[in-house]
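**Student:** My questions are about this predicted structure, shown below with the sequence.
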Number of protein chains: 2
Amino acid sequence: MKLAALLTSAGINIGVCALLLSLYSILRKQPGNASVYFGRRLAEERCRRLNSFILERLVPSPRWMVTAWRYKEEEILDVAGLDAVVFIRIIVFSMRIFSIAAVVCIFGVLPLNYFGQDMEHGNISSESLEVFTIGNVQSHSKWLWVHCLALYIISFSACILLYFQYKSIARLRLLHITRSPPNPSHFTVLIRAIPKSTGETFSDSVKNFFIKYHASSYLSHQIIYRAGKFHKIMNNAGKAYKKVTRLKGAIIDQKCIPFRYRCGICGGTSNSFQLCHDKFELGDKRSDLNGSNSSSKEKECGAAFVFFRTRYAAVVTSEILQSSNPMYWVTDLAPEPHDVYWSNLWIPYRQLWFRKIAILIASIVFMILFLIPVTFVQGLTHLDQLQKIFPFLDGLLKKKFASEIISGYLPSVILQLFLYIVPPVMLLFSSVEGSISHSARKKSACWKVLYFNVWNVFFVNVFSGSVISQINAISSPKDIPTQLAKAVPSQATFFITYVLTSGWASLSSEVMQLFGLIWNFIKRHILRWKDDPASVPTFPYHTEIPRVLLFGLLGFTCSILAPLILPFLLVYFFLGYVVYRNQILNVYCSKYESGGQMWPIAHNATIFSLVLAQIIAIGVFGIKESPTSSSFTIPLVILTLLFNEYCRQRFYPIFHKFSAQDLMEMDSEDERSGRLDEILKQLSSAYCQFPADTTELCNRGENSVVTSQVDGESSSKDVVKNGALHSTLGVLPVSRLKEALASLSLLVTIVNSQT
Amino acid sequence: MKLAALLTSAGINIGVCALLLSLYSILRKQPGNASVYFGRRLAEERCRRLNSFILERLVPSPRWMVTAWRYKEEEILDVAGLDAVVFIRIIVFSMRIFSIAAVVCIFGVLPLNYFGQDMEHGNISSESLEVFTIGNVQSHSKWLWVHCLALYIISFSACILLYFQYKSIARLRLLHITRSPPNPSHFTVLIRAIPKSTGETFSDSVKNFFIKYHASSYLSHQIIYRAGKFHKIMNNAGKAYKKVTRLKGAIIDQKCIPFRYRCGICGGTSNSFQLCHDKFELGDKRSDLNGSNSSSKEKECGAAFVFFRTRYAAVVTSEILQSSNPMYWVTDLAPEPHDVYWSNLWIPYRQLWFRKIAILIASIVFMILFLIPVTFVQGLTHLDQLQKIFPFLDGLLKKKFASEIISGYLPSVILQLFLYIVPPVMLLFSSVEGSISHSARKKSACWKVLYFNVWNVFFVNVFSGSVISQINAISSPKDIPTQLAKAVPSQATFFITYVLTSGWASLSSEVMQLFGLIWNFIKRHILRWKDDPASVPTFPYHTEIPRVLLFGLLGFTCSILAPLILPFLLVYFFLGYVVYRNQILNVYCSKYESGGQMWPIAHNATIFSLVLAQIIAIGVFGIKESPTSSSFTIPLVILTLLFNEYCRQRFYPIFHKFSAQDLMEMDSEDERSGRLDEILKQLSSAYCQFPADTTELCNRGENSVVTSQVDGESSSKDVVKNGALHSTLGVLPVSRLKEALASLSLLVTIVNSQT
């Protein structure tokens, strides 16, 4: 590939990006798209819609960029939580390190590469890109120490920046834990694998066990039910009702209703505990209603949330082995109420290890099968081979412009399209694996997508060279540095175009929300649904973090080999900084929170990238027969690994454990201020598995036991009377169904009268 | 190598073994050797020496074997602890599985190998050993399914046996924890990395921290002192004294004194807590005596034993992250008092991770450097190569008998001699690594020696083939099965001789205790020292477990390839069963105990051996072009790994954690029975860092603060008065030194008078 082709590609991309961003700045001003571009704001703040038409709405402006840039970190922390801040920090880290790398490599390494061989340089734009890589430096060159020095500077800067980021994020995480409002998850432990005992329900077992062994700290518990077919039917009815009321709302009620941001499943508000009474009592009542104990026993599954009087007691219970059989009474600290992934809680604990192994194997198979599209993409950068396979393309490929487009643009686009299916698949894998919380599921998917990206985008592209089937390359570990050293510089061209297309395009498509826009259009104008503020998406960390880290990997590995990648990468990170801040502030809501647990992923990935870059450098110096540089780089690898080990010792435990000191101080603080009783009172109602049923049974609780028929009607009357209440708390699916039918008939009447 | 050579080798070995065992049965009857052969019994039971000479003492008899065989497991458990039982179980498991394997392979596989090719079989004794291996089976043979079936039978039997052993040992471990007499280590937590604070001693910091955060369960603590130069001088003086009194005792006092078995360092009895007063108070007193606080602060190191009121509280504190800085207040459950490795406790916690990495690298380097002797040994089995290198050996090597000896016997002997230095080196490495207990140190050394054995005895021998420098073989993972499949059958000969020589000889030398015998002779007849019952060695698990597991590995990998190894191996295990039982019951004492933690090592090593055997089988079936057998073996690998994962989930946590249920039941049981107060009272005196100083300060404690000069004299007077007491509890080094000088002058007088 020639520099001209690269510039063509860059030009196309800059044009596309500028177009899309301008289009975005117009589209975001249209009130109809508010739900796409301001989902979080609509959901969290009072809605303010400007329906008046003004000219400004059609003029593109970069103001949103300035606004996004100006926001302070504290504001993002308030608005979107720690995970968002950590994500922004990953980008900030990348911006800083690649700014340093760009200065060092563009001014230090690039000229050396360009004038590395005694050759006449013609027109710079027709120069092959290879001329700018380390491949152009002569063997035995006495200037290779500059590359080595550049690598040292980059590695040391990266380690220093990483250290301070880790330190600061660890501090933020500690503050997040200690300063946040009382969190029910801190008092709650998820117990799984409750042993079956004859003549005792699971609920009794839990009660007896904790009263016997944790009498002083045990408060209450809530058995988790296995959602059966009945529940599914109810659920579907509820969904049908929801859709119908939305249709109705779209026509009758044009004002926007005050909205309290709902938690993912139970419809409670996110910042306060929602009252839905003790599930434990509910279980008893339900079994009373059913008349037979056996059916309730069938539905109960061997898992429960157990509530404790203090945070410390909960953490202790979650971390200590409870029973002498490690397959019983397995404890984990509970996720936050809206973070609970209910449908995984009933999975028998004995299945989990097996599921994990199965998913591991499935992921590996998926990664290998994915080689097929990558092979195809790889072929496109080698046009001569493509011509051989498809002779009919001969004419097309001989046209200069077409061939430049094909070799410079198409491969990345195709790869990108295939890559779109990866995150959903990995998220599915993580669900099947048995994660107990949404955030853990996303974190696990994030790891999977990261491995996938590194393998399928980086290694497969590097090692395949021309013939993809040569996975043999990696089957001899000793030769890996040499193989990498040969392959990476020659593949640098592909990586540069990858940054241009995949990187920049992903940012534009992220900001445009094309899918959201189309869906919004269909929803509003064809289906005529009302906006459902609860459907605001959460930030796709499992897609975006691996992507940013992959670009980091490309940056580190290519920086001294092909420094030309760095300007494009810097543009990506700076644009990404603005775009992601904008998206976090306006589009995505943060329903749940992992509390900064994404940072260790980023840290480890960066260390991996650094070490890989160093190993490749050793290989390259070896090929260029510069043993001094090669041997000077080895201590760098060791130092980097030692640094990583130190960070693992110093910071990592903060990210997966709570410290006794902090928890006890929080407990005693709450006790001193007298808040503890209130917290404990709200605790037992924090986790609702069946929010709708719950409301019904809460109502029932007051009327004591009545027949289901009568009760269903009475509650539906309540609902009709008290519309505002039911819209936030939700109602019983059966009554919902009835209401839905009533609304439907009303709707038909109204529609008929209007048309 | 021919069968005749093997039989020669076997004959020599059987002869040597029989000779040594007979010699042992005579030597053990000599009263002079009692301290070598009955060390444990002498130390634990009242000594009974038969000085009368009877003829029976010169007649070899196999009665000791019968006695050792007949002992029940309960008796071993009582006498030598759980670790010994686990070790015996490892051998029992090997006996069982290799009995099954021998039956299957000798009757099923061996005939197939022998008649595998259409060839005329001559005299069986001149048949090459290759004829008995799978190498003799034709390619495309339709009989390879028998090998595959044999592998299935062996693998399934091994898994079933492993499962039941794991289950039963887990049960024994739980009983060991719950049924054993109150153990101070269960109430004690080792705190390291106590943060320095200005104006506060470490002792104050610990006190304040635990009173603040663990007020209800905190009892007291004991700061660990950094043993300075002063302490070293005192210690040396003490040793000098000990030697002198031993010399004196050898002459004056021929009767054996009643002995209470001492714990490793502090001289207390092993089964009860020894009284040596609260170290915390001691620290204060010492600083009072010194007059200045700063010098005591210098000596204190940031580590302490903290005592708790309940076992549960101790375990909770040990497992929970204490501070939000994970590098401070690091907690571990304390080892048992006589298991504490005091000299590692003062190591700053910040050094530990670095030490671990350094030792890891050192171990790898050591393993690689060890290739040099292995190369030499390897050469001996290929006599033709040896002849080329050393032409002067030509005449010798042409003699049939000499060449058979050299190829059949010498390599193993040389390798064995080199291998003798490995366990001490690995033990040293484990000390430097920073293990806090003797048992942890041995366990860590055990892992290291195991890796070493597997690498240097198995892999290096297998892969080297003829030219040792071909480590390249393992650098391409894909070819490993094929490489192994080619190499293992051809190296089977070496492994058979290895079992014969190293295996059988190690047992004879173990039972003979040649080194102990010689040392005993020197001690008694040249140095004229008195027996010191405290010098009874502990069982060298770090040497013996890896050895037994290595033979297991050889057995599994060779069983279907070269079944001829199995009879020799069975002899080894059956003989080992008797020998080790005898040694455990008579020779070694169990000063400390890991509580069965060796079993997971054995389990993992066995699984590794199984999987390796299966992978080799896949390779062999591949070479023999039997894709059916090859592909039928793959599920076996997966099943074995799944089985291992299940065991890890089901049993492993029992071996590295205590369960809350058990601990609480023990606590409440103690409280009910009123024993708890007594236990807690003895607790603060259980750990003595400086036993001698302690006694001094204990005496001082009663007299309140007096000057060091006066006090030293008064205690030395006490000691002279109360000789029986000081011999068990030990005395102050200063007074010891004085006594030693006094004894020395007495000794000189006596010796002069006798000669």
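**Tutor:** Received, thanks.
**Student:** Now do the contacts for the residue nearest to the spatial centre of chain A.
**Tutor:** Chain A has A:Tyr541 as the residue nearest its centroid, 1.9 Å off, counting by CA atoms, centre = their mean. By CB atoms under 8 Å, 6 or more residues apart in numbering or on different chains, the contact list for A:Tyr541 reads A:Asp83, A:Phe87, A:Lys442, A:Lys443, A:Cys446, A:Met598. Where you see a C-beta, it was placed from the backbone N, CA and C, and this is true even at glycine.
**Student:** same thing but 6 Å
**Tutor:** A:Lys442, A:Cys446 (CB atoms under 6 Å, 6 or more residues apart in numbering or on different chains).
**Student:** what are the phi and psi angles of it?
**Tutor:** The phi and psi values for A:Tyr541, taken as degrees, to the nearest 10, are phi -60, psi -30.
**Student:** Tell me how far it lies from A:Leu3.
**Tutor:** 37 Å (CB to CB, to the nearest Å).
**Student:** Next: A:Leu21.
**Tutor:** 26 Å.
**Student:** More neighbours: the two, which one.
**Tutor:** Using other CB atoms under 10 Å in any protein chain shown as the criterion, A:Leu21 and A:Leu3 rank with A:Leu21 on top: 20 against 17.
**Student:** Okay, and the more buried one sits in which element?
**Tutor:** Here A:Leu21, judged by DSSP states H and E, is contained in helix A:3-27.
**Student:** now what about the strand or helix carrying A:Ala440, what contacts it?
**Tutor:** In this assignment (DSSP H and E), A:Ala440 forms part of helix A:438-453. Here helix A:438-453 makes contact (CB under 6 Å, 6+ apart) with A:339, A:341, A:363, A:367, A:422-423, A:426-427, A:430-431, A:435, A:541-542, A:545-546, A:550, A:592, A:594, A:597.
**Student:** same thing but at 7 Å, please
**Tutor:** The contact list for helix A:438-453 (CB atoms under 7 Å, 6 or more residues apart in numbering or on different chains) reads A:264, A:335, A:339, A:341, A:363, A:367, A:422-423, A:426-427, A:429-431, A:433, A:435, A:541-543, A:545-546, A:549-550, A:592-594, A:597-598, A:601, A:605.
**Student:** ok, stretch A:598-615 near chain B or not?
**Tutor:** No: applying CB under 7 Å from any CB of the partner chain, one finds stretch A:598-615 separated from chain B by no less than 13.0 Å.
**Student:** same question, stretch A:198-214
**Tutor:** Yes: applying CB under 7 Å from any CB, one finds that stretch A:198-214 is in contact with chain B at A:Tyr213.
**Student:** and that stretch, average pLDDT?
**Tutor:** Averaged over stretch A:198-214, pLDDT sits at 88.
**Student:** And stretch A:138-151, by the same measure?
**Tutor:** 86.
**Student:** got the CA positions of stretch A:135-147 in PDB?
**Tutor:** As requested, the backbone C-alpha atoms of stretch A:135-147 are provided in PDB (Å, rounded to 0.1, in the frame of the first residue of the first chain):
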ATOM      1  CA  GLY A 135      11.600  -2.700   7.900                       C
ATOM      2  CA  ASN A 136      13.400   0.100   6.100                       C
ATOM      3  CA  VAL A 137      16.200   0.200   8.600                       C
ATOM      4  CA  GLN A 138      19.300  -1.600   7.500                       C
ATOM      5  CA  SER A 139      20.600  -4.600   9.400                       C
ATOM      6  CA  HIS A 140      23.500  -3.800  11.800                       C
ATOM      7  CA  SER A 141      22.300  -0.200  11.900                       C
ATOM      8  CA  LYS A 142      24.000   1.700  14.600                       C
ATOM      9  CA  TRP A 143      20.800   3.800  15.100                       C
ATOM     10  CA  LEU A 144      18.600   1.000  16.500                       C
ATOM     11  CA  TRP A 145      19.500   2.200  20.000                       C
ATOM     12  CA  VAL A 146      17.100   5.100  19.300                       C
ATOM     13  CA  HIS A 147      14.200   2.600  18.800                       C
END
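**Student:** buried residues in it?
**Tutor:** Buried positions in stretch A:135-147, judged by neighbour count with 16 or more other CB atoms under 10 Å in any protein chain shown: A:Gly135, A:Asn136, A:Val137, A:Ser141, A:Trp143, A:Leu144, A:Val146, A:His147.
**Student:** And stretch A:411-425, by the same measure?
**Tutor:** A:Pro411, A:Ser412, A:Ile414, A:Leu415, A:Gln416, A:Phe418, A:Leu419, A:Val422, A:Pro423, A:Val425.
**Student:** I'd like those residues laid out as CSV, including pLDDT and distance to A:Ser509.
**Tutor:** Below are the buried residues of stretch A:411-425 laid out as CSV (pLDDT from 0 to 100; distance: CB to CB, whole Å):
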residue, pLDDT, distance to A:Ser509
A:Pro411, 71, 18
A:Ser412, 66, 13
A:Ile414, 75, 15
A:Leu415, 71, 15
A:Gln416, 70, 9
A:Phe418, 78, 15
A:Leu419, 78, 12
A:Val422, 88, 15
A:Pro423, 90, 14
A:Val425, 91, 19
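**Student:** out of those, which touch chain B?
**Tutor:** Applying CB under 7 Å from any CB to the buried residues of stretch A:411-425, none is adjacent to chain B.
**Student:** quick one: which of these sit in helices?
**Tutor:** Counted as lying in helices by DSSP state H, out of the buried residues of stretch A:411-425, are A:Pro411, A:Ser412, A:Ile414, A:Leu415, A:Gln416, A:Phe418, A:Leu419, A:Val422, A:Pro423, A:Val425.
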